[in-house]
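1. please find the sequence and the predicted model below.
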Amino acid sequence: MEKQPRLLASQLLLKNSLFEVSLNRVLLTWKEVATKKKRVSGGMHHPFKVGTSHGVSVSEILAVRELDVDSGTKDDGRWQKMPQKSTEAYPYAFTVSYVERAWQHRWRCSDVTFHCLEGALCQQWVQTIREQLTALTSRPKHLLVYINPYGGKQQGERIYEQKVAPLFTLASISTHVIVTEHANHARDHLRTEAELKKYDGVVCVGGDGMFSEMVHGLVSRTQRDNGVDQNSPEEKLVPCTLRIGIIPAGSTDCICYATVGINDPVTSALHIIVGDAQAMDVCSVHHNNTFLRYSVSLLGYGFYGDVLADSERKRWMGPARYDFSGFKTFLTHHYYEGTVSFLPATDILGTPRDKTRCRAGCFICQHNGQLYSEDAPEICETDPDVPDSEYKGGWRVIRGKFLAINAASMSCACPRSPKGLSPAAHLADGTTDLILVRKCSRFNFLRHLLRHTSKYDQFDMTFVEVHRVRRFRFTPRYCQSDSELDLRENGKKLFSQICRDHPACSCSPAYSSWNCDGEILPHAAIEVGVHCQLIKLFARGIEEQPVFEDLPNPCAV
Ligand SMILES: CCCCCCCCCCCCC/C=C/[C@@H](O)[C@H](CO)NC(=O)CCCCCCCCCCCCCCC
Ligand SMILES: Nc1ncnc2c1ncn2[C@@H]1O[C@H](COP(=O)(O)OP(=O)(O)OP(=O)(O)O)[C@@H](O)[C@H]1O
Ligand SMILES: [Ca+2]
């Protein structure tokens, strides 16, 4: 890294030891200096350096405040006990709050207090650090916050008040907080009423369902403001400028997992405060040229659709409903017939079987995002060796009986499956991973499911295939027309009809439902397109390792 000119350097007291403290445009560092004098050549007394350096990136400083040492209080009102020695000899002090990395991608707010000999020096430090922070233009100053009081374990309000609001106050972020009163309250407010010009970002406190509300509100609003028709599946959508923050308080929190690495409210609040940005792909889902919904994580037909449909009736069970319904759906073992057509993404870097993972600063997302913005042609080579598939104008067509059809636009990592449904999927590469699980025995399907929780490859099975695609369509076998909905309402009739027609079948119903990020879609026949980097989150992707490899953890102080 290019050496940055020093802005300030002083010897300050920290926990009764003298430190050489230095600030440049990138780093605040401090290194212990021995207090014992040592005679060196030339007859002068020089302090000799002991201990190791501690450093924090300026971009990860949350706040700085002067301490009123005489009265023994911080200016945030909290009492602080001053060491006797420092109050006598170093009567002025300031505290720097900064991001400290803890276990498993968690971030914590840590404080370090430096004591100065003179008030002017103390003020100079505070002022210079404040100027540095003001220069960080990506940091939000005004946020619009929506809290779902009923998400997950119904702890949204408590989590926000106790863990998040104090951090926003510390970082001088002003908020307008709305506690939602009904489902889609946040979505509709964002889409029609919210004065978005007043804010630097929107935040939701809740689970994936609340995040989905934010996406729908913000994307729809942006298209409306720019005169784009959402109902046209071919339309290129306009990216949203406001970033979205998620304070996790839901049942699955898979967006948090995949974008931050953990579902921890404090960690997410800190990513918002430092003004992180992570672009994300969004899929639009249409039926017969009518817009249905957007999806950012999972579009699942068959297994995950059936799990969701069953679990919706058991919301009272809380997050455990998914395990209960998952077990039940596994036992029912239904398969569904239909045709999947898709446009493979052939011009991009990366495949769903890669060992590399989408991580902070992902090169594949950067590269493919650039390709997408240059409107590279989507050409697909034909592959005559693939059985029961056809090619039509670059599209591949596969007919079959499927236990599950899943499209994962990101890994979908979550506590149930830390590597996710598609471990090598990318957050912002303009593609979704289409996973086809064909009809197989219960035992084999269990093996496939179990591999989501182990190091073994869930795609390395004869009945599973995975394709990285830009668009796809699905048409269920028993319904090629608009009468699909009526038929679905008359499901029982159709079910028995099919069983009469196919006496050897295992009595699978004709239709499943699509699980679209945890919402049931009203149609089985859908068309899906990926919109590369349509939204931005207050996140940076999962960090691979600590930023300062050569410096010890600042929490050592
Ligand atoms: C044997 C254990 C196998 C475990 C395999 C687990 C794979 C789990 C993969 C989870 C992927 C979640 C994708 C996230 C989707 C979100 O947009 C959405 C909204 O929050 N969540 C769900 O739809 C919620 C969907 C929740 C689905 C839970 C499925 C649980 C399956 C349990 C199967 C038990 C079989 C036991 C046989 C003895
Ligand atoms: N005030 C409210 N009353 C009832 N439902 C609400 C309210 N506010 C939001 N919702 C709806 O609650 C649903 C679930 O919320 P949320 O996503 O926060 O939690 P969850 O379902 O427990 O978590 P996950 O989506 O991660 O499984 C959302 O789809 C949202 O539309
Ligand atoms: Ca993607």
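-> Received it, and whenever you're ready, just let me know what you need. Ligands and ions are numbered 1, 2, ... in the order given.
2. alpha carbons only for contacts and neighbour counts from here, please
-> Noted.
3. any stretches of the stretch 151-300 of the chain with poor pLDDT?
-> For the stretch 151-300 of the chain, applying pLDDT under 70 flags no range at all.
4. the stretch 301-450 of the chain too?
-> Looking at the stretch 301-450 of the chain by pLDDT under 70, you get 375-393.
5. ok, and the closest non-adjacent residue to residue 457?
-> Nearest residue to residue 457 in three dimensions, chain neighbours excluded: residue 451, at 6.3 Å (CA to CA, 6 or more residues apart in numbering).
6. confirm that neighbour sits in a strand?
-> No - counting by DSSP: H, G, I helix; E, B strand; the rest coil, one finds residue 451 to be helix, located in no strand.
7. from memory it sits against residue 461, does it?
-> No - the pair residue 451 and residue 461 does not pass the contact test of CA atoms under 8 Å, sitting 10.4 Å apart.
8. pLDDT value on the residue nearest to residue 457, please?
-> On pLDDT, residue 451 comes in at 97.
9. please apply the same query to the one 4 residues further on.
-> At residue 455 the predicted local confidence, pLDDT, stands at 94.
10. distance of residue 425 relative to ligand 2?
-> Separation of residue 425 from ligand 2 (CA to the nearest ligand atom, to the nearest Å) stands at 20 Å.
11. hang on, that residue is in a helix, isn't it?
-> No - counting by three-state DSSP, residue 425 falls outside a helix, being coil.
12. in the sheet, which strands lie alongside the helix or strand harbouring residue 244, parallel or antiparallel?
-> Per DSSP states H and E, residue 244 falls inside strand 243-248. Partners of strand 243-248 in the sheet, by DSSP bridges, are strand 201-206 (parallel), strand 526-537 (parallel).
13. alpha carbons of that strand, as PDB, please.
-> Presented in PDB, the C-alpha positions along strand 243-248 are these (Å, rounded to 0.1, in the frame of the first residue of the first chain):
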ATOM      1  CA  ARG A 243     -29.000   0.800   0.000                       C
ATOM      2  CA  ILE A 244     -30.900  -1.700   2.100                       C
ATOM      3  CA  GLY A 245     -29.800  -2.800   5.600                       C
ATOM      4  CA  ILE A 246     -31.100  -5.900   7.300                       C
ATOM      5  CA  ILE A 247     -31.100  -6.200  11.100                       C
ATOM      6  CA  PRO A 248     -31.800 -10.000  11.400                       C
END
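14. so after it, what's the next helix or strand?
-> With DSSP H and E, the next secondary element past strand 243-248 is helix 254-260.
15. quick one: is that following helix near ligand 2?
-> No - on the criterion CA under 6 Å from any ligand atom, helix 254-260 is out of touch with ligand 2, staying 6.9 Å away.
16. quick one: work out the angle between the helix or strand just after that helix and strand 243-248.
-> Where DSSP H and E defines the elements, the next helix or strand beyond helix 254-260 is helix 265-273. Angle, helix 265-273 to strand 243-248, by axes from the mean of the first three to the mean of the last three CA atoms, to 10 degrees: 170 degrees.
17. list of residues touching helix 265-273?
-> For helix 265-273, contacts defined as CA atoms under 8 Å, 6 or more residues apart in numbering pick out 62, 99, 106-109, 139-140, 159, 163-164, 167-168, 171, 173, 245-249, 256, 260, 538-540.
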